[in-house]
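**Q** Just a sequence and a predicted model for now, questions to come.
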Amino acid sequence: MSFDFAVNNAIILSTHNGYVPFIGSVGVKGDSIEYIGEKEIPASDCSKIIDGTDKILMPGFTNAHCHGDMTLARGLGDGMTLLEQNQVFADSAWFYKYIDDDDRYYSRLLTYCEALLSGTTFIMENMYWGLGKRSVEAMKEIGIRGALTEDIRYDFSKPDELLSDEDIIGFVKACSENDIIPVIGSISEEDYDLPRLQKIRQILKKHGLIQTCHLAETPWRIDIVRKRFGTTPIKLLSENSLLGSEMIGSHVVHLDDEEIQLLAENNVKVANTPLCEMKICDGIAPIPKMVRAGVCVCLGTDGAMWNNSNDIFREMKGMALLHSINSGVRSLEIRDVLDMATINGAKAFGLEKEYGSIEEGKKADFILIDTTRPHMRPLVLGKYENVSSAVVYCATGADVSDVFVNGRQLVENHRLIHTDLNQICIKLQETAEKIRQQFYNIPKH
């Protein structure tokens, strides 16, 4: 047989042909796409045939900025800015003193389940707290593809106590052995110090690692840098040769045209989280200008303290609508937004040759979207198609019926195949109630 399985008669949507939808079939062998075309694949050519009729087949999404540790506190940050949250939750170290490693582990499990069920096949976990080998195990248990971010500091409050070479090598080894991308989380603007930043850059170069950092997110952080250095964070990094292609800047909200050009010239990637930016009142990033300047912009959800949802469909619609009212209805094209969710996410991790589009030879990481629901109809193909519009403006994560990662089906008919979701939810329900009871000093009955 030619293929392990095939999807026939799906509406295929991908950047490889400019998001021109067509009805076709995809044949998968092992972990890769072996065929894509209009020809229907006969049952005799594969072990399993999946009927793609009335379903959109497209690349799985990349969530390039997420804090899975915070799913256990979903909703507790409502009605606060980031600065206010820092003040309110500092005493409990963001609930750390109320919970244990099992709580944090299950928080990540639920995050990855939510991601898969809503069409995300790659997620970058910006770890609030290290879980050692269990960080790797959480991703492997759910089956999602991803990256793990280990903070460069042992302790957020001690910015000069940086990870040892031995610790970094162990972290990289654990990730690499499990097909996970190792990433280093750098310091935020309040801890900027040139010798410190230069030392971190040397560590990154020595180990050949990607770094992620919160960058130009809030006015108060930018003000700290202005008072200390007389310039902005992005300009300070540029003047000291600290911008580079290995950097993924998170949020990147407050910057001018010159700084956008600096990001483009240095091939810095941007992981923007539009719903988070709105919810905690960070501001509106100049995304259309970044896109026109050639900056690789991808999408993230941030954590459940700052967004509540882990659904990239909502981020796409939020991105499109926010900049329509802020920069004009034609400031972003639908394909720009689709790229942010797919191929640009792959580019951010240097993996665009492996996934991010539906092409022969790429990894079989794709999703099927049910179009039979009322909000997805009517659906039109041809010169005046509305398929790409339906994905950005109409669909939600709940419309994803099937998810495949590395050629392995993880979601079938809206249900996780290999994971006991109910047990994870029960465990995290207990954790959430424990946090609220202790944080609000609710007496036990």
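**A** Happy to help now that I have it. Numbers count the residues shown, from 1 in each chain.

**Q** For Leu162, name its beta-bridge partners.
**A** Using DSSP bridges, the bridge partners assigned to Leu162 are Arg153.

**Q** So, low pLDDT: which residues of this protein?
**A** 1, 444-445 (pLDDT under 70).

**Q** Please point out which parts of the host helix or strand of Arg108 sit buried.
**A** Using DSSP states H and E, Arg108 sits within helix 101-117. By 16 or more other CB atoms under 10 Å, the buried positions in helix 101-117 come out as 103-117. C-beta here means a position set from N, CA and C on the backbone, and glycine is covered the same way.

**Q** is it true that Asn8 lies in a helix?
**A** No: the assignment for Asn8 (DSSP: H, G, I helix; E, B strand; the rest coil) gives strand, which keeps it out of a helix.

**Q** Going along the chain, name the strands of the stretch 151-300 of the chain.
**A** 181-185, 210-215, 247-251, 269-272, 297-299 (DSSP state E, counting those that start in this stretch).

**Q** What helices and strands are in contact with the helix holding Arg108?
**A** Contacts defined by 3 or more CB pairs under 8 Å, 6 or more residues apart in numbering; DSSP states H and E place helix 101-117 against strand 61-66, strand 120-126, helix 133-142, strand 400-405, strand 408-412, strand 415-416, helix 421-439.

**Q** what's the angle between it and strand 408-412?
**A** Counting by axes from the mean of the first three to the mean of the last three CA atoms, to 10 degrees, helix 101-117 lies at 90 degrees to strand 408-412.

**Q** quick one: helix 101-117 to helix 133-142, angle?
**A** Using the same axes, to 10 degrees: helix 101-117 against helix 133-142 is 30 degrees.

**Q** can I have helix 101-117 written out in CSV, keeping just the CAs?
**A** Provided in CSV are the C-alpha atoms of helix 101-117 (Å, rounded to 0.1, in the frame of the first residue of the first chain):
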residue,chain,number,x,y,z
ASP,A,101,4.3,20.0,41.1
ASP,A,102,1.3,17.8,40.4
ASP,A,103,-0.9,20.8,40.2
ARG,A,104,1.4,22.5,37.8
TYR,A,105,1.8,19.3,35.7
TYR,A,106,-2.0,18.9,35.3
SER,A,107,-2.3,22.6,34.5
ARG,A,108,-0.1,22.0,31.5
LEU,A,109,-1.9,18.9,30.5
LEU,A,110,-5.2,20.7,30.3
THR,A,111,-3.6,23.5,28.4
TYR,A,112,-2.2,21.1,25.8
CYS,A,113,-5.6,19.3,25.6
GLU,A,114,-7.4,22.6,25.0
ALA,A,115,-4.8,23.5,22.4
LEU,A,116,-5.1,20.3,20.4
LEU,A,117,-8.9,20.3,20.5
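
**Q** circling back: could I get the strands of the stretch 151-300 of the chain as CSV with distance to Leu379?
**A** Below are the strands of the stretch 151-300 of the chain laid out as CSV (distance: least, CB to CB, whole Å):
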stretch, distance to Leu379
strand 181-185, 35
strand 210-215, 37
strand 247-251, 35
strand 269-272, 29
strand 297-299, 24
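
**Q** What's the local residue count around the residue nearest to Ser176 when sequence neighbours are not counted?
**A** Nearest residue to Ser176 in three dimensions, chain neighbours excluded: Pro182, at 6.9 Å (CB to CB, 6 or more residues apart in numbering). Neighbour count of Pro182, defined by other CB atoms under 10 Å: 20.

**Q** dump the residue contacts of Pro182.
**A** Ala147, Leu148, Glu150, Phe171, Val172, Cys175, Ser176, Leu209, Ile210 (CB atoms under 8 Å, 6 or more residues apart in numbering).

**Q** Tell me the buried residues within the residues you listed.
**A** Listed as buried from those are Ala147, Leu148, Glu150, Phe171, Val172, Cys175, Leu209, Ile210; burial here means 16+ other CB under 10 Å.

**Q** Quickly list what the last one is bridged to.
**A** Judged by DSSP bridges, the bridge partners of Ile210 are Val183.

**Q** wait, what's in contact with it?
**A** Contacts of Ile210 (CB under 8 Å, 6+ apart): Ala147, Ile181, Pro182, Val183, Ile184, Glu246, Met247, Ile248, Phe349, Gly350.
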